[in-house]
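Participant: got a predicted model here, sequence first, then my questions.
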Amino acid sequence: MINKAGRPSDMAKRDAIVQAASHRFMTDGYAATSIEQIAADAGVSKVTVYNHFGDKRQLFTVAVELECEKMRSAFSLEDRQTGTIRERLQAIGEAMAAFLLRPEMIRFDRRISAETEHDPAIGHAFLEAGPWRMKKAFGDFLARASVVGDLDISDPDLAAEQFAAMTKGMGDLELRFGAEPDERRAKARIAGAVDVFLAAYGSDGA
């Protein structure tokens, strides 16, 4: 947005700062990134950055939230509301695995883990902005499926964790340590996760 003087609005400046900060933090890390660099990348002054965010830590938190928002938009349950419960779980499992095992997701996870060693609050901010929200969305999906009789689940949040864990298996751990992706194994893992999940929580005929 441009104001009457032809200058970017405060909101446009804020967006530019967050985008620049997100790129720097995720590429170079928290310690190696300076407010001066972010300001230069965003085309604003250092004072403007401080006026909008107060300090580097607050800016990092906002940048993490931006990255998590990108993740949530890449993994949506809205398009998986038709078909049998088995078909829907299979589609969700495939989307979940494809999302969580992307190279950029692995790199992002590594970066957040490294920064959390120095400041546990960073890890907590990441969990709140990303994984916990996504778990709640999936838990809500499972709860609705239970209400209509497709599943029989008393603790949807726990069931959401179990399904995600089975879907990932050791795939994300292996990729973190340099193993090559194995699509055949990943498909077998997802199919097995759906089988086990329905054996535990499926209603008759699921």
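Facilitator: Everything's here; your move. Owing to the predicted nature of the structure, the values given are computational and were not obtained by experimental measurement. Residues are numbered from 1 along each chain as shown.

Participant: contacts for stretch 161-172, please.
Facilitator: The contact list for stretch 161-172, computed with Cβ atoms under 8 Å, 6 or more residues apart in numbering, reads 89, 92-93, 96-97, 100-101, 106, 109, 135, 138, 142, 182, 185-186, 189-190, 192-193, 196-197, 200. C-beta coordinates here come from the backbone N, C-alpha and C atoms, glycine included.

Participant: in PyMOL, select just the buried ones from those.
Facilitator: In PyMOL, this line selects whichever of those come out buried by 16 or more other Cβ atoms under 10 Å:
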select buried, resi 89+92+93+96+97+100+101+109+135+138+142+186+189+190+193+197
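
Participant: in helices, which of the contacts of stretch 161-172 fall?
Facilitator: Using DSSP state H to define helices, the subset of the contacts of stretch 161-172 located there is 89, 92-93, 96-97, 100, 106, 109, 135, 138, 142, 185-186, 189-190, 192-193, 196-197, 200.

Participant: ok, now which ones touch the spatially closest residue to residue 151 that is not a sequence neighbour?
Facilitator: Spatial nearest neighbour of residue 151, excluding adjacent residues (Cβ to Cβ, 6 or more residues apart in numbering): residue 145 at 4.5 Å. Residue 145 makes contact with 85, 88, 151, 153 under the criterion Cβ under 8 Å, 6+ apart.

Participant: what helix or strand does residue 145 sit in?
Facilitator: Taking DSSP states H and E as the definition, residue 145 sits inside helix 131-147.

Participant: got the CA coordinates for that helix in CSV?
Facilitator: Output of helix 131-147 as CSV, limited to C-alpha atoms (Å, rounded to 0.1, in the frame of the first residue of the first chain):
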residue,chain,number,x,y,z
PRO,A,131,2.6,-28.2,15.1
TRP,A,132,0.1,-27.6,17.9
ARG,A,133,-2.3,-25.7,15.7
MET,A,134,-2.0,-28.4,13.0
LYS,A,135,-2.6,-31.1,15.6
LYS,A,136,-5.7,-29.4,16.8
ALA,A,137,-7.1,-29.1,13.2
PHE,A,138,-6.5,-32.8,12.7
GLY,A,139,-7.9,-33.6,16.1
ASP,A,140,-11.1,-31.6,15.2
PHE,A,141,-11.3,-33.6,12.0
LEU,A,142,-11.1,-36.9,13.9
ALA,A,143,-13.7,-35.7,16.4
ARG,A,144,-16.2,-34.9,13.7
ALA,A,145,-15.6,-38.3,12.1
SER,A,146,-16.4,-39.8,15.5
VAL,A,147,-19.6,-37.8,15.9
